[in-house]
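# Sequence and computational prediction follow.
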Amino acid sequence: MLCRCTLDRNRLSIILISAATLIAALFVPLIVKLRLVELLPAFVLNGYPHLILDGFSWYKAVTVIFCGCLATVGLLLHKGPRGVDDGLLGIIALLAILSSLFSPYRALNIWGVPYLFEGLPSSLAYVALAMAAMRLPESIVKRCLPWGISFSLVVVAIFGISEIAGKLLVNDPWLASWLLNTADGISPYSGFQAASFPFGNPNYMGMYSAMVWSFVFALALTRRRLVDGIILSSIAAGGFALLLASMCRGGFIAAGIAVSFALIVVMLRQRPRLINSIALVLLHALAYQVIDHYSASRTVERVSSVPPQFTVESFTPPVIPAVVAPVPVATFSKIYLEQGRLKIEGNGPLGAFTLLLERHYQAVKFMDGSYQPLAFTVGGVKEEDFEKVELQDPRYAGLSMVLHDAGFFRVLTMNGIDVAVTNWGFRIGRVGAFVTPVNGERFSLPFADTAFSQRGYVWAYSIPLLKDTILFGHGAGSFPFEFPNNDFIKMSSMFGVSGLVDKPHNFYISFAHTHGVLALIVLLVLLGRLFWIKGRSLLKGDRIARDLPYFIASIGFLITGISVDSTNGVGAVFWVLLGVGLQKAPSPKEKAPLI
């Protein structure tokens, strides 16, 4: 009886582990139900009450947590040895818990934010899924999971390419009548000119495509059966089209590196089947031609091309306006608080200047950079309760200032920037609210702030935040509260007056800020073990057909993560694939577990 109970317990463990990993890897990316949620009043971001959260991620997170619970129960029932990788994952889980407990935003991230970042429950679920995937039976690893992920890619590709079809094919009458139900298309999204459905953002689509396309490509490359090779080559071509449709440059680079490694391993250690290879190449070429022909750039090219009969034969030269004497203009480069004073740095007609504002009850005192008072006049133009303020010092010529009463406080509008003079000090008007101005600390990077679609700016001002998260992070959802969004001049010049940075656009910075730099180091050690052990094994030619797809899928995700954050729909797949990649090769004496 005891042996039977033990057998049933082990079998139940494998069933729960298999169900959790399959649901997470196959079905979480497909959840598309929409629910827009706003931040609770207690968590309103300094002056940003209308921060809308992504309902797609919320429903995905609930499913991830459910899978994590199944995996945890399965792990508790599982009887087997624990290895170094289990210990490293356990340390990450412990640091995630401690980071949330000691975080100033603990209530926000312990219960989980329905946002693009994962809360503590979903973070722990990822660790549980990775541990569970390390114990999956061979029948799941070799058959169920590969074909299931391939099926999931087909569904996502249908979503994404249908979205692109609704936006870019409407100028082709034949395709529009054949593919679309209405002239407006069938796309559920607007605002993006790239595939984003069902993840809500083209970058997440690119991260998913780079990971899963690499996975299916390696499957097609290593299959020996002709039918399997043709089917997987067709699915891989669809994933390649999806990657192109996402227009995610980080995904292009990551997938290119991952697939190149797969080609090197297969060509050196395993001779691929010629017919499968030809089908793989031809189907990918076809997918590229289709996406290239109907891409946004080609569409613009066709629309903007003017037939010869519409060219204008006559030309009227433009009228050159009269030269007008330049008006002195003062511009701001920094505006922040320093010892209770509002400090403004800028450039005027005579060069760089510093202007200090100090509040004295209901009055404002103007000083230069050496704290010398500046003379000014009030009046000149007065309409209702507006008064014009003009500094007499020529260094500040061209500086426009208007003072008006706003009820409980006064507002000084300087070059279009509203400065509220309140009993609590100076506040800057931004996105419909008055916020405390800050001077963000910048980490010097070897490229411009505008590099990589303004990611250079985000990274340069995100890295200094990690000084406070060396041991423990600040939990999920805390990043937009701590990023210098209220550095008015820099943010406005980079992203406009209403711009808001809510994520670091880097998986590693996000992980370090959420769980701590120490947790990131542990994760890098875990990944280093994966690359060292599994990479050497593959280069020797061991278990290529089984391990190569999981290995290069992890490469695709991790390289894309340099320029893209993780999200629930993509992270669930990655942690399952990572766990399978960390599996050790079974010894000949070990018996595969039964389901």
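Nice, thanks for sending it over.
# okay, residue 186: pLDDT?
Looking at residue 186, its pLDDT stands at 37.
# Likewise for residue 293?
Per-residue confidence (pLDDT) for residue 293: 67.
# repeat for residue 157
90.
# Could you give the backbone dihedrals for it?
The phi/psi pair for residue 157 (degrees, to the nearest 10) reads phi -60, psi -40.
# What is the burial count for the closest residue to it other than its chain neighbours?
Nearest residue to residue 157, sequence neighbours excluded (C-beta to C-beta, 6 or more residues apart in numbering): residue 238, at 4.2 Å. From N, CA and C alone the C-beta is placed, and that goes for glycine too. Neighbours of residue 238 under the rule other C-beta atoms under 10 Å: 24.
# same deal with the one 3 residues further on?
With neighbours defined by other C-beta under 10 Å, the count for residue 241 comes to 26.
# same question, residue 258
There are 27 residues near residue 258, going by other C-beta under 10 Å.
# Tell me the spacing between it and residue 499.
Separation of residue 258 from residue 499 (C-beta to C-beta, to the nearest Å) stands at 33 Å.
# got the contact list for the residue nearest to residue 157?
Residue 238 sits next to 153-154, 157, 161, 287 when contact means C-beta atoms under 8 Å, 6 or more residues apart in numbering.
# Those in strands, which ones?
In this view, these have no member that belongs to strands under DSSP state E.
# quick one: which of those residues sit in helices?
Those of the contacts of residue 238 mapping onto helices are 153-154, 157, 161, 287, per DSSP state H.
# From those residues, list the buried ones, please.
Listed as buried from the ones in helices among the contacts of residue 238 are 153-154, 157, 161, 287; burial here means 16 or more other C-beta atoms under 10 Å.
# Endpoints of stretch 459-472, how far apart?
20 Å (C-alpha to C-alpha, to the nearest Å).
# same deal with stretch 378-395?
Across stretch 378-395, first to last residue, C-alpha to C-alpha, it's 18 Å.
# do the same with stretch 559-575
Taking C-alpha to C-alpha as the measure, stretch 559-575 stretches 15 Å from start to finish.
# Give the rounded mean pLDDT of it.
Rounded mean pLDDT across stretch 559-575 is 91.
# picking that back up, now render the buried ones among the ones in helices among the contacts of residue 238 as CSV, adding distance to residue 469.
As requested, these are exported to CSV (distance: C-beta to C-beta, whole Å):
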residue, distance to residue 469
153, 35
154, 40
157, 38
161, 40
287, 42
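# and the gap between the residue nearest to residue 157 and residue 244?
As judged by C-beta to C-beta, residue 238 and residue 244 stand 11 Å apart.
# Quickly list what's touching both of the two.
residue 287.
# picking that back up, closest to residue 105 among the buried ones among the ones in helices among the contacts of residue 238?
Each of those was checked against residue 105 using C-beta to C-beta; the closest is residue 153, at 35.7 Å.
# Roughly how far does the closest one sit from residue 334?
Residue 153 is 48 Å from residue 334, by C-beta to C-beta.
# ok, so of the contacts of residue 238, who is nearest residue 567?
Using C-beta to C-beta, the contacts of residue 238 come closest to residue 567 at residue 153, 17.0 Å.
# just checking, the closest one touches residue 239?
Yes: assessed by C-beta atoms under 8 Å, residue 153 is found in contact with residue 239 at 5.1 Å.
# Overlap of the contact sets of these two?
Joint contacts of residue 153 and residue 239 (C-beta under 8 Å, 6+ apart) are 212-213, 216.
# Now rank those residues by neighbours and give me the top one.
residue 212 (32 neighbours).
# That one: helix or strand, and which one exactly?
helix 202-222 (DSSP states H and E).
# Please apply the same query to residue 282.
Residue 282 belongs to helix 274-293 when assigned by DSSP H and E.
# Can you show me the CA trace of that helix as PDB?
Written as PDB, here are the backbone C-alpha positions of helix 274-293 (Å, rounded to 0.1, in the frame of the first residue of the first chain):
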ATOM      1  CA  LEU A 274      18.300  18.400 -47.800                       C
ATOM      2  CA  ILE A 275      14.500  18.600 -48.700                       C
ATOM      3  CA  ASN A 276      13.700  20.100 -45.300                       C
ATOM      4  CA  SER A 277      16.400  22.700 -45.700                       C
ATOM      5  CA  ILE A 278      15.200  23.700 -49.100                       C
ATOM      6  CA  ALA A 279      11.600  24.000 -47.900                       C
ATOM      7  CA  LEU A 280      12.800  26.100 -44.900                       C
ATOM      8  CA  VAL A 281      14.700  28.500 -47.200                       C
ATOM      9  CA  LEU A 282      12.000  28.800 -49.800                       C
ATOM     10  CA  LEU A 283       9.100  29.300 -47.300                       C
ATOM     11  CA  HIS A 284      11.100  32.000 -45.400                       C
ATOM     12  CA  ALA A 285      11.900  33.800 -48.700                       C
ATOM     13  CA  LEU A 286       8.200  33.800 -49.600                       C
ATOM     14  CA  ALA A 287       7.300  35.100 -46.200                       C
ATOM     15  CA  TYR A 288       9.800  37.900 -46.500                       C
ATOM     16  CA  GLN A 289       8.600  38.900 -50.000                       C
ATOM     17  CA  VAL A 290       5.000  39.100 -48.800                       C
ATOM     18  CA  ILE A 291       5.700  41.200 -45.700                       C
ATOM     19  CA  ASP A 292       8.200  43.400 -47.700                       C
ATOM     20  CA  HIS A 293       5.600  44.100 -50.400                       C
END
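# begin at 38 from here
In the new count, where the first residue is 38, that last one comes out as helix 311-330.
# mind checking the end-to-end distance for stretch 530-550?
25 Å.
# same thing with stretch 415-435?
By C-alpha to C-alpha, the extent of stretch 415-435 from end to end equals 16 Å.
# Average pLDDT for it, rounded please.
Stretch 415-435 shows a mean pLDDT of 78.
# swap in stretch 559-570?
The average of the pLDDT scores along stretch 559-570 is 95.
# List the buried residues of that stretch.
By neighbour count with 16+ other C-beta under 10 Å, stretch 559-570 contains the buried residues 559-560, 563-564, 567.
# Going by distance to residue 498, which of those residues wins?
For these, the residue nearest residue 498 by C-beta to C-beta is residue 560; the value is 23.1 Å.
# And the residue positioned nearest the centre of the chain, its phi and psi?
With distances taken as C-alpha atoms, centre = their mean, residue 602 lies nearest the centre of the chain, 3.1 Å away. Main-chain dihedrals, residue 602, degrees, to the nearest 10: phi -80, psi 160.
# Chain neighbours aside, what residue packs nearest to residue 546?
Per C-beta to C-beta, 6+ apart, closest to residue 546 is residue 499, 5.1 Å.
# tell me the contacts of the one you found?
The contact partners of residue 499, taken as C-beta under 8 Å, 6+ apart, are 516, 520, 541, 543, 546, 550.
# Determine the three-state secondary structure at the spatially closest residue to the second one that is not a sequence neighbour.
Nearest non-adjacent residue to residue 520, counting by C-beta to C-beta, 6+ apart: residue 538, 5.0 Å away. Secondary structure state of residue 538, per DSSP: H, G, I helix; E, B strand; the rest coil, is coil.
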